[in-house]
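Colleague: Sequence below, structure please.
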Amino acid sequence: MSVFAVLDPAVTLAHDAVAALAQVVPTALAIVLFTVCVRLALHPLARAAARGEKSRARLAPRIAELNREHKGRPEKLRAALAELYREEKASPFAGCLPMLVQIPFFSVMYRLFTTPNDLLDHTLFGAPLGLHVGAAQGAGQWTVFAVLHAGLAAVAYTGFRRARRAQAEQAAKAAGDGGAPPPPGSAVLPYLSFGTVLFAALVPLAAGVYLLTTTAWSAAERAWLHRDGAPEPAGGVALV
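Modeller: Residues are numbered from 1 along each chain as shown. Below is the predicted model of the structure:
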């Protein structure tokens, strides 16, 4: 039995919700609408994460000062940082919460679109939603996949540029403050944005529609929440 079988009750609910929407709109659009509804429900968590990121950015100079003050004394540094976060009512882990909460949703959608069911028999401009890109035939089906992957690449490139810009700002600030250099391998992190494009090549068209919807939402949501110039994390677009 697959480890994903534990998700079957949630998968059934997601299937029924998408199927209900598909009674009034095309199935591909139903997937988009269902994804948007879930992301709307998770938006308060994203707002809380953005507030946490802004708090950490505001506290960065004090954290750097504590690092210098307690250099070589990790226990005192941990205690001082805990006290600082407690005083400021901030958390170093706030930005991780939305991603952690979305992982089960991503798993449910992955299970829904990789397990044979009636939704995958529907089509998007003539391409079955259960079709993989490697099995596409004819100009029409190839065009559908080309447009989908172009959209994913565009969203990924947006995340890549944002992550590179954030890394450059952080590196310049660290150099100005005499801070430590970036950790090894950090230069690779922005390229993780393109992971969605590669992943979409391995899953059916329906899952690609979901990926495009949720990554585009993530990019737009992050741009909106950080529109006042608050620093952003130097990672790429999330998969979910």
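Colleague: so where is the chain shaky, pLDDT-wise?
Modeller: Applying pLDDT under 70 to the chain flags the ranges 1-4, 92, 94-95, 97-99, 171, 173-186, 228-240.
Colleague: what about the longest helix in it?
Modeller: As assigned by DSSP state H, the longest helix anywhere in the chain is helix 27-69.
Colleague: helices and strands around it, which ones?
Modeller: Applying 3 or more C-beta pairs under 8 Å, 6 or more residues apart in numbering; DSSP states H and E, one finds that helix 27-69 contacts helix 8-21, helix 74-88, helix 97-114, helix 205-225. Every C-beta, even on glycine, is put in place using the N, C-alpha and C of the backbone.
Colleague: Apply 6 Å and report the result again.
Modeller: Contacting helix 27-69 under the criterion 3 or more C-beta pairs under 6 Å, 6 or more residues apart in numbering; DSSP states H and E are the following elements: helix 8-21, helix 97-114, helix 205-225.
Colleague: Run the angle between it and helix 8-21 for me.
Modeller: Angle of helix 27-69 versus helix 8-21, following axes from the mean of the first three to the mean of the last three C-alpha atoms, to 10 degrees, is 130 degrees.
Colleague: Just want the angle from helix 27-69 to helix 97-114.
Modeller: Relative orientation of helix 27-69 versus helix 97-114 (the same axes, to 10 degrees): 150 degrees.
Colleague: Centre of the chain to helix 27-69, how far?
Modeller: Centroid separation for helix 27-69 versus its chain: 10 Å, with C-alpha atoms, centre = their mean, to the nearest Å.
Colleague: What is the neighbour count of Phe106?
Modeller: 16 (other C-beta atoms under 10 Å).
Colleague: circling back to that earlier point, deepest in the core, which of the helices and strands packed on helix 27-69 is it.
Modeller: When you average the neighbours per residue for each of these (mean count of other C-beta atoms under 10 Å), helix 205-225 leads with a mean of 22.
Colleague: what angle separates that one from helix 27-69?
Modeller: Comparing the axes of helix 205-225 and helix 27-69 via the same axes, to 10 degrees yields an angle of 50 degrees.
Colleague: Restrict helix 205-225 to CA atoms and write it as PDB.
Modeller: What follows is helix 205-225 as a C-alpha-only set of coordinates in PDB (Å, rounded to 0.1, in the frame of the first residue of the first chain):
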ATOM      1  CA  LEU A 205      -1.400  17.900 -17.300                       C
ATOM      2  CA  ALA A 206      -3.900  18.300 -14.400                       C
ATOM      3  CA  ALA A 207      -1.100  18.500 -11.900                       C
ATOM      4  CA  GLY A 208       0.700  21.000 -14.200                       C
ATOM      5  CA  VAL A 209      -2.400  23.200 -14.100                       C
ATOM      6  CA  TYR A 210      -2.400  23.100 -10.300                       C
ATOM      7  CA  LEU A 211       1.300  23.900 -10.200                       C
ATOM      8  CA  LEU A 212       1.000  26.900 -12.400                       C
ATOM      9  CA  THR A 213      -1.900  28.200 -10.400                       C
ATOM     10  CA  THR A 214      -0.300  27.800  -7.000                       C
ATOM     11  CA  THR A 215       3.100  29.000  -8.000                       C
ATOM     12  CA  ALA A 216       1.600  32.100  -9.700                       C
ATOM     13  CA  TRP A 217      -0.400  32.700  -6.600                       C
ATOM     14  CA  SER A 218       2.700  32.400  -4.400                       C
ATOM     15  CA  ALA A 219       4.600  34.900  -6.500                       C
ATOM     16  CA  ALA A 220       1.800  37.400  -6.600                       C
ATOM     17  CA  GLU A 221       1.100  37.000  -2.900                       C
ATOM     18  CA  ARG A 222       4.700  37.500  -1.900                       C
ATOM     19  CA  ALA A 223       5.000  40.600  -4.200                       C
ATOM     20  CA  TRP A 224       1.900  42.100  -2.600                       C
ATOM     21  CA  LEU A 225       2.900  41.300   1.000                       C
END
